[in-house]
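Chemist: got a sequence here, can you build the structure:
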Amino acid sequence: MARIVLLYRVHQIHLEGLDRYYLPLPKLNTSQLSYLSQNLQNRGFRVKVGPRLLRASASSINLSVDPGGLSWSSKEVLDAITPAIPRLLAFPRETVAGGPLDKHLLYFRAKRVRGRKYDVHLFTRMESLHTWTELRKEGLCGLTPDEKKVIGSLLASAEGTVECLTDYVSEDSSPVQFERRQYYRSTIPVAEFLSTLRSVSEASKRNSYLPRESILRVTLDETTAQPSLDGLDEWCYLS
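Modeler: A predicted model of the protein is given here:
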């Protein structure tokens with residue numbers, strides 16, 4: 001399900017296997033989180049802001065919000081969260097305490113293996129851990145536009161191939177089944193991976209997905225291991 005709010009597309013993802021609804025959100029700064037807390041309280045929610053999560057409850061719903069960009073509940077969260085989104089999108093960006101390194105760690109960590117080989121560990125809202133498997137079972141994708149853009153920037157000049165999951169057969173692939181859905185563990189050129197990488201808002205006839213561990217081993221130049229995070233627009237309010 002999706003609704004258009006201003007120029008921002010809101011996607012709610014229901015994973016039946018987990019009996020849970022997920023709503024990807026912008027990476028929220030402290031001002032936005034404070035506003036969201038007050039907005040929920042004004043509409044009758046009991047709110048508790050902890051060190052890592054905002055939790056809110058009303059008579060029929062309990063929900064959690066991770067400032068890193070995700071809300072979830074066993075009930076639909078659109079009615080609870082969507083009214084706050086137009087105002088959230090109007091907030092100015094906020095500098096991350098600690099500087100650019102912390103900002104990059106919001107999306108990935110690149111660890112040199114040898115020479116120009118790096119293991120790039122991507123930090124995503126949903127495309128990892130137990131939600132990764134459930135998304136594949138249901139033929140869905142949770143990669144958000146900012147995550148896809150960062151991956152594209154990071155790998156724009158990368159060389160060689162990447163190991164990933166595809167929903168199509170490639171020259172070097174092996175089948176893997178997720179309940180009734182057929183996928184393939186594939187090794188494909190970086191350019192092909194980027195051109196087929198699916199996101200929450202885009203799908204094509206041939207789609208690739210991050211591996212479950214969200215780790216890609218690629219050949220990078222030193223400069224591309226620290227790409228610019230400019231231009232993430234309404235998906236990231238940290239700078």
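
Chemist: mind showing which ranges of the chain have poor pLDDT?
Modeler: Scanning the chain for pLDDT under 70 picks out 1-7, 97-101, 103-104, 223-225.

Chemist: which residues in it form helices?
Modeler: Applying DSSP state H to the chain gives helices spanning 30-42, 78-81, 85-88, 100-105, 129-137, 145-155, 190-196.

Chemist: just name the most buried of those helices.
Modeler: helix 145-155 (a mean of 21; mean count of other Cβ atoms under 10 Å). Bear in mind the C-beta positions are built from the backbone N, C-alpha and C, glycine included.

Chemist: per the record, what domains does the chain have?
Modeler: Domain assignment for the chain by automatic domain parsing gives 2-88, 100-235.

Chemist: export those as CSV, with columns for distance to Glu94.
Modeler: Formatted as CSV, the domains of the chain follow (distance: least, Cβ to Cβ, whole Å):
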stretch, distance to Glu94
domain 2-88, 4
domain 100-235, 11
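
Chemist: rewinding a little: how about the helices of the chain, which one is nearest Gly231?
Modeler: helix 145-155 (7.1 Å; Cβ to Cβ).

Chemist: check the offset of the closest one from the chain's centre.
Modeler: Distance of helix 145-155 from its chain centroid, counting by Cα atoms, centre = their mean, to the nearest Å, is 10 Å.

Chemist: so what touches it?
Modeler: 27, 107-108, 110, 120, 122, 124-125, 127, 162, 190, 193-194, 197, 199-201, 216, 218, 220, 224-225, 227-229, 231-233, 235-236 (Cβ atoms under 8 Å, 6 or more residues apart in numbering).

Chemist: now do stretch 34-50
Modeler: Stretch 34-50 is contacted from outside by 28, 33, 54-58, 65, 80-81, 83-84, 87-88, 91, using Cβ under 8 Å, 6+ apart.

Chemist: residues in contact with His121?
Modeler: Phe108, Arg109, Ala110, Lys111, Ser214, Ile215.

Chemist: name the nearest of those relative to Thr166.
Modeler: Checking these against Thr166 with Cβ to Cβ, the nearest one is Ser214 at 15.8 Å.

Chemist: quick check, the closest one in contact with Met126.
Modeler: No - between Ser214 and Met126 there is no contact under Cβ atoms under 8 Å: 10.4 Å.

Chemist: from Arg9, how far off is Ser199?
Modeler: Computed as Cβ to Cβ, to the nearest Å, the Ser199 to Arg9 distance reads 11 Å.

Chemist: more neighbours: these two, which one.
Modeler: Neighbours per residue (other Cβ atoms under 10 Å) separate Ser199 from Arg9, with Ser199 holding more: 19 against 14.

Chemist: show me what the longest strand seen in the chain is packed up against.
Modeler: Taking DSSP state E as the criterion, the chain has its longest strand at strand 181-189. Other helices and strands packing on strand 181-189, by 3 or more Cβ pairs under 8 Å, 6 or more residues apart in numbering; DSSP states H and E, are helix 129-137, strand 161-166, strand 173-178, strand 208-209.

Chemist: next, format those as JSON lines and append distance to Gly115.
Modeler: Shown next, in JSON lines, are these (distance: least, Cβ to Cβ, whole Å):
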{"stretch": "helix 129-137", "distance to Gly115": "30"}
{"stretch": "strand 161-166", "distance to Gly115": "16"}
{"stretch": "strand 173-178", "distance to Gly115": "27"}
{"stretch": "strand 208-209", "distance to Gly115": "26"}
